[in-house]
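Chemist: quick one: sequence and predicted model below, then my questions.
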Amino acid sequence: MPVSLIPYNPNPDGSCRNCRSALNPETWLCVRCGTAHGEKNRCPHCRTVARTVPHTALWHRCSVCGKPRVPPGPSAGTNNPTVNQTLLQAGQSNRAATILKLLSYSLFGLGTFTEIGTLLFLWVSEPQRLTSLIALAFASLPLLLAIFARFSASQSVRQRDKALLFAYSEHVIGTLEQLDRSVEAKQIAGWLGLSVPTTETLLTKLNTDDRMRSDITDEGEVVYGALGTARVRLESPPPTRVAVPSNAGPVETHTSTAASDVALTPSDVSEPNDLVDAEFEEADSSASKRQQRP
Ligand SMILES: [Zn+2]
Ligand SMILES: [Zn+2]
């Protein structure tokens, strides 16, 4: 059977197929060995059931094919075509950025070499002024191309971050719509495997764009929900039993504290680069102003 068709479901008792330990009820990742189970961990790109691993540039990517993925959360799965297509675009932009950066370094090295060589040659041979200028112009060509490649690489990085931001935002909205309840930024950060400040800026941007709602609980905590969510329906504890895949037996659940034991933690992911933070700054400040109003 091709790898893409193997349904890697938990054991009938809900334990890990690899080490028989408990699974995280939200992500279906083994809390001990990290093995991924179930359709929610199926990669939309290579179709294998595999966990995601943190990545500096792509935030998270598939442990098998290396393409960008959103970590599994409480939603049913990662089968939103818009999200998956945008993630693929982010991967392409990242590849383009890497190639262009390498090209710019090579051209810079070559340009420096030709420039110094030409200057030495002109110093020794002392040709006519016009000849010297033409020779210098040609020698500078690799340096000019290096600058152009570097600029194009920066553009690709910006496109990558924009695509990642869009994909994660769509994923958050889809998850909140499925859950039909409001949750705190800290919990959403856990789903996304991002730091809380980064998640908060992402949520603030969605909020200011009127794509989700936020409320303040009696305890003063800000909670976020899909637009149709009833006002302040706070997070209820995870169910004591979770849905079982088609050919697996009943699955015992585990306490929500198990989630923190899983290998994928928000702190594993480095902060998305400054470009994203800069993009958020404006939304962040406007949201702060809104909150200060009586
Ligand atoms: Zn295991
Ligand atoms: Zn994959």
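Modeler: Perfect, I can see it now. Ligands and ions are numbered 1, 2, ... in the order given.
Chemist: what's the separation between the most centrally placed residue in the chain and residue 114?
Modeler: The chain has residue 59 as the residue nearest its centroid, 3.5 Å off, counting by CA atoms, centre = their mean. Distance of residue 59 to residue 114, computed by CB to CB, to the nearest Å: 39 Å. Any C-beta I mention is one placed from the backbone N, CA and C, and that applies to glycine too.
Chemist: repeat that for residue 13.
Modeler: 69 Å.
Chemist: neighbour count: these two, which is higher?
Modeler: For residue 13 versus residue 114, the count of surrounding residues by other CB atoms under 10 Å is larger for residue 114: 18 against 11.
Chemist: count of neighbours near residue 36?
Modeler: As a burial measure, residue 36 scores 25 neighbours (other CB under 10 Å).
Chemist: check the one 10 residues further on too.
Modeler: Residue 46 has 15 neighbouring residues, counting by other CB under 10 Å.
Chemist: three-state assignment of it?
Modeler: coil (DSSP: H, G, I helix; E, B strand; the rest coil).
Chemist: which residue is the nearest non-sequential neighbour of it?
Modeler: Nearest residue to residue 46 in three dimensions, chain neighbours excluded: residue 65, at 3.7 Å (CB to CB, 6 or more residues apart in numbering).
Chemist: same deal with residue 43?
Modeler: Excluding its sequence neighbours, the residue lying closest to residue 43 (CB to CB, 6+ apart) is residue 62, at 4.5 Å.
Chemist: what distance do you get for that neighbour to ligand 2?
Modeler: 3 Å (CB to the ion, to the nearest Å).
Chemist: heads up, I number from 37, so please use that
Modeler: Got it, first residue is 37 now, which makes that one residue 98.
Chemist: quick one: that residue and residue 108 touch, right?
Modeler: No. Judged on CB atoms under 8 Å, residue 98 makes no contact with residue 108 at a distance of 11.5 Å.
Chemist: between these two, who's got more neighbours?
Modeler: A direct count of neighbours by other CB under 10 Å for residue 98 and residue 108 places residue 108 higher, at 27 against 24.
Chemist: and that one, that's in a strand?
Modeler: No. Counting by three-state DSSP, residue 108 is located in no strand; its state is coil.
Chemist: report the distance from the helix or strand where residue 89 lies to the chain centre.
Modeler: Assigned by DSSP states H and E, residue 89 belongs to strand 88-91. Remark: strand 88-91 is offset 9 Å from the chain centroid, using CA atoms, centre = their mean, to the nearest Å.
Chemist: do stretch 218-238 as well
Modeler: Mean C-alpha position of stretch 218-238 versus that of the full chain (CA atoms, centre = their mean) differs by 12 Å.
Chemist: and if you look at stretch 137-154?
Modeler: Taking CA atoms, centre = their mean, one finds stretch 137-154 lying 34 Å from the centre of the chain it belongs to.
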